[in-house]
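J.: Generate a structure from the sequence data that follows.
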Amino acid sequence: MPEALPATADNARYRALLESSALFATETDLPTLLHGLALLLADILPSESVALLLLDEARHVATLHALESALIRDVSIGTEVAYEGTAVAEVIENQQPLYVHDYAAELEKFPDLRKRIAAHIYSAYYFPLATERRKLGVLIFGARATSSFTAGDVELMRSVAFHVTMLLDRAFTLRAAEEYQRELARERDRLRLLLDINNEVASHLDMQEVFRAASESVRRFFSVDGTGLWLLNEETNRLRCAIMDFPSGGEALLHVELPALSQEQANLLRLRTPLLNSLDELEKRWPPSVIRPLRAQSITNIALIPLVSPRKILGVITLGTRRKNAFSQEDLDLLTQIAGQSALALDNALAYGYLRASKNRLEEQRVYLESEIRTEYGFDDIIGTSPALRKVLDQVSVVAATGSTVLLLGETGTGKELIARAIHHRSPRSRRTFVRLNCAAIPSGLIESELFGHEKGAFTGALTQKPGRFELAHEGTLFLDEVGDIGLELQPKLLRAIQEQEFERLGSNRTLKVDVRIIAATHRDLPGMIQEGSFREDLFYRLNVFPIEVPPLRERREDIPMLVHYFVARNARKMQKTIQTVPESAMNALVNWNWPGNIRELENFIERAVILTQGDTLQVPVSQLRSPTSQKTFGLDQRIEETERAAIIAALRESGGKISGAGGAAELLSLKRTTLQNRMKRLNITERDCR
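T.: Modelled structure (predicted):
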C-alpha cells in the first residue's frame, strides 16, 4: 500500500495540482502538456516517466500518443501494441486505477518493447481515461522503485488523469466537430456540383453542349486532367469517342472506336458500375490509336462511368488523371449520380438531335419537292401508244420493281426524266423522295457540293452545313440527268457513292451511309467518250446495268396527235381559252415535221400556237416549221437520212451482217464501230433490213 507522507508533502502536491490546472487551462497540445506536467511533478512524485496511450477499440490496439521520460528514448511516438490480456485491457474493462508492482513481468507480454523499457521501469500506475460517452485511453506513470507511490501521490495522479481526460474529450469533440464541418462542406460542394450540373445540362439540348457543360464542372471538382464522352453504337456494340475535353487538346481521339463490348462488360454498364483502370491495364485491351494520345497527355489512370438511361445504354464518361488513387469510393458514388443526371440529359439531347435532323431533312425535302412542283417538266403522265413507246414502258415495268441502276439513253427533249419518274413511282421506293440533278446545268466547281453536300466553312461562301442530293434521296431515287457532263475528276467519287453507297461531305472526314437507287440519263455517246478518255469505263458499266433507249419523236409519229391535243388542252386551260379543234392540215404538218428538239420542241411550239389562237380553232404557225432557222427542211432531212440509211444497209449486206473487224461494215464505211451502231439505232436499221 502507498505510504503516508508529512503534511508538507500534501502542501507541495496541492501547489502542483493548482499549477497543473493552470497548465491544462492554457495548453492544448498533449505532448507539450505532458512535458510541462513532468517538470511540475518531478519533485513530488516518484515517477520517472509519463506515457499516454490512446485506444482503437475496433482494432484492439493502443497507440503511444505522448511520452515524457528521461530514461526511455528508443520508443517512437505512434508505436502500436495489442492490449488484449494486458494491464491496459484490465484498466479499460474495470475503469479503475491499477498498480503494477512488477512491470518487468508485464513487459513480457510485449517482446518488442521489453528490451527497450525493462531496464528503466520497475513499477507503474495505470489510470483509465474515459467519459460517459467513450473510452479514450490510459495514462501510465512509471517509477524505478517498487511500492514508492503514496496515497497522496495516487490522488494527485488521479486528478491529473481527470484533467487529461477532459482535455482529450475536448480535443476529440473539437476534432469531430471540425470533421463534421468538413463533411458538411464536402456534402455542400457535392450538392452544389449536382445542382450546377443539373442546371447546366437541363438548359442544353445539344449533345456537345450538354457534355461540355458537365465536363467543366466535373474536371474542376475532381481535379482530373481530361474527360471524354464515348457513345455506344448499338449495331457494332462498340464505344466511339464523340467528345474529348483535354485542356491541352485531344482531337486525335475523336471518332476512334474501342473493341466490341463483351457480355460481362455490357452487364457492368447496365448495373451502372464504375470501373477504375490503370493505363497499363487498358493497354492490353484498347488499340494503340487510343493509348497513344492518352500517354501523350501523361494520363496514368482512367475512371469509366456508365451512362445508362431508362431505355438503353448510352455509353460511358471517361475521367483521366495523372495521379494514382485519385478516386475514393465516395467520389465514385458521386460520379455515378452525376452520370445518372447526364444520361437523362444526354438521352434527351440525342432524341432532340434525331428529331431536329428528321425535321431538317423533312423541311429540306419539302422545300425541294415544292420547287420540283413549281418546275415545269412537261407531263403529268406518259402519253402515247406507239410500238416504240410501248417497248420502253414494257422495260420500265420489268426494271421498276428491282433496285437496279437504270441508264436512259436518247436525244434531248425525249422525256427521259418522265421515264425516270415512272420507274420510281412503280418501284417499292415510290413513297420516298425522287430527287433529280441536272449535271449539265451546274458549274463543275459546284456539282460535288450538290451531290454530296458540304460542311460549314468547307469553302468560301459555305456559311452553313448543307446536305447533298444523295442524302436527300436516302431510301428513295436519285435521277442524274445528263450524267455524261460530270467532269472526269469527280467520276471516281461518284462511282464509289453508287457502288459502296457511302461518301463524305465536302470539308468532312465522316463517312455517311445511304440507300439510294440511281437512274441516270444522257444524250451523249458514252462509249465514244470512253474511247476519247473523257468518261470512265468502270463508271459506265456501273450505270449501264439496265439501259433503256428512249425513242425520238420522229420514231413515234403516231403519238404526235395525242401529244398535240394534250398540250393544247393544258395551255388553253392555263391561258383561260377555249380551243376545240385542230385543223387537219395543221395536224398533218405537225406529224410530218422532223422535230429535232423532240417533245420539248413540240410542247413549246404548241404553247406558241395557243398564244396566237383567238377563237376555238388552233391557229398553227405552220410556216415556222419551214423556217430557215430550223436547221434544214424536213424534205432535205428525209432525203439525207434515206441516203445514209441505204448506204449502211448496203455495207451490212456486203459484209454479211458483220459490223466490226476486218471486212466489217464499219471498216467499209470508214466509221468507228460505236458510231455505226449509234447511227443504226437512230435510223432504226434492224437485222431484217440487211437480208
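
J.: where in the stretch 101-250 of the chain is pLDDT low?
T.: 112-120, 146-148, 185-187, 189-215, 247-250 (pLDDT under 70).

J.: Geometrically speaking, which residue is the centre of the protein?
T.: The centroid of the chain falls nearest to Ala242 when counting by Cα atoms, centre = their mean (3.4 Å).

J.: Would you mark the buried spots in the helix or strand encompassing that one?
T.: Per DSSP states H and E, Ala242 falls inside strand 238-245. Within strand 238-245, the residues that count as buried by 16 or more other Cβ atoms under 10 Å are Leu239, Arg240, Cys241, Ala242, Ile243, Met244, Asp245. Backbone N, C-alpha and C define where each C-beta goes, glycine included.

J.: cool, stretch 129-136 as well?
T.: Leu129, Ala130, Leu136.

J.: What sits closest to Arg600 if chain neighbours are left out?
T.: Closest residue in space to Arg600, ignoring its immediate chain neighbours: Gly413 at 3.3 Å, by Cβ to Cβ, 6 or more residues apart in numbering.

J.: Could you give the backbone dihedrals for the one you found?
T.: Note on Gly413: backbone dihedrals following degrees, to the nearest 10 are phi 80, psi 10.

J.: picking that back up, tell me the one among the buried residues of strand 238-245 nearest to Gln531.
T.: Nearest to Gln531, judged by Cβ to Cβ, of those is Arg240 at 46.3 Å.

J.: That closest one and Asn233 touch, don't they?
T.: Yes: counting by Cβ atoms under 8 Å, Asn233 is a contact partner of Arg240 at 5.6 Å.

J.: Now do the shared contacts for those two.
T.: Glu257 (Cβ atoms under 8 Å, 6 or more residues apart in numbering).

J.: Check which helices and strands the particular helix or strand that has Leu512 in it is in contact with.
T.: Element membership of Leu512, judged by DSSP H and E, is strand 511-513. Counting contacts by 3 or more Cβ pairs under 8 Å, 6 or more residues apart in numbering; DSSP states H and E, strand 511-513 is packed against strand 502-504.

J.: what's the strand it packs on packed up against?
T.: Looks like strand 502-504 contacts helix 444-452, helix 491-500, strand 511-513 (3+ Cβ pairs under 8 Å, 6+ apart).

J.: at 10 Å instead, please
T.: The contact analysis (3 or more Cβ pairs under 10 Å, 6 or more residues apart in numbering; DSSP states H and E) places strand 502-504 against helix 444-452, helix 469-472, helix 491-500, strand 511-513.

J.: Starting from the second one, tell me the next helix or strand along the chain.
T.: Next in sequence after helix 469-472, counting helices and strands by DSSP H and E, comes strand 477-481.

J.: So what's the gap between that next one and the chain middle?
T.: Relative to the centre of its chain, strand 477-481 is centred 32 Å away, using Cα atoms, centre = their mean, to the nearest Å.

J.: buried ones in it?
T.: Thr477, Leu478, Phe479, Leu480, Asp481.

J.: Return the list of strands paired to it, each annotated with direction.
T.: Using DSSP bridges, strand 477-481 pairs in its sheet with strand 434-438 (parallel), strand 517-522 (parallel).

J.: quick one: the last one to chain centroid distance?
T.: Distance of strand 517-522 from its chain centroid, counting by Cα atoms, centre = their mean, is 34 Å.

J.: can you give me the angle it makes with helix 491-500?
T.: 140 degrees (axes from the mean of the first three to the mean of the last three Cα atoms, to 10 degrees).

J.: so Ile338 touches Ser217, yeah?
T.: Yes: at 8.5 Å, Ile338 and Ser217 qualify as touching, with contact defined as Cβ atoms under 10 Å.

J.: if we can go back for a sec, what's the strand holding Leu512 in contact with?
T.: With contact meaning Cβ atoms under 10 Å, 6 or more residues apart in numbering, strand 511-513 is reached by 255, 452-453, 467-468, 470-471, 474, 497, 500-505.

J.: Which one of those is nearest to Arg426?
T.: When the contacts of strand 511-513 are compared for distance to Arg426 (Cβ to Cβ), His474 wins out at 19.9 Å.

J.: tally of neighbours for the nearest residue to the closest one once chain neighbours are set aside?
T.: Closest residue to His474 apart from its sequence neighbours, by Cβ to Cβ, 6+ apart: Val514 at 4.8 Å. Val514 has 18 neighbours, counted by other Cβ atoms under 10 Å.

J.: Please tell me how far Val514 sits from Asn544.
T.: 21 Å (Cβ to Cβ, to the nearest Å).

J.: got it, and Lys658?
T.: From Lys658 to Asn544 the distance is 24 Å (Cβ to Cβ).
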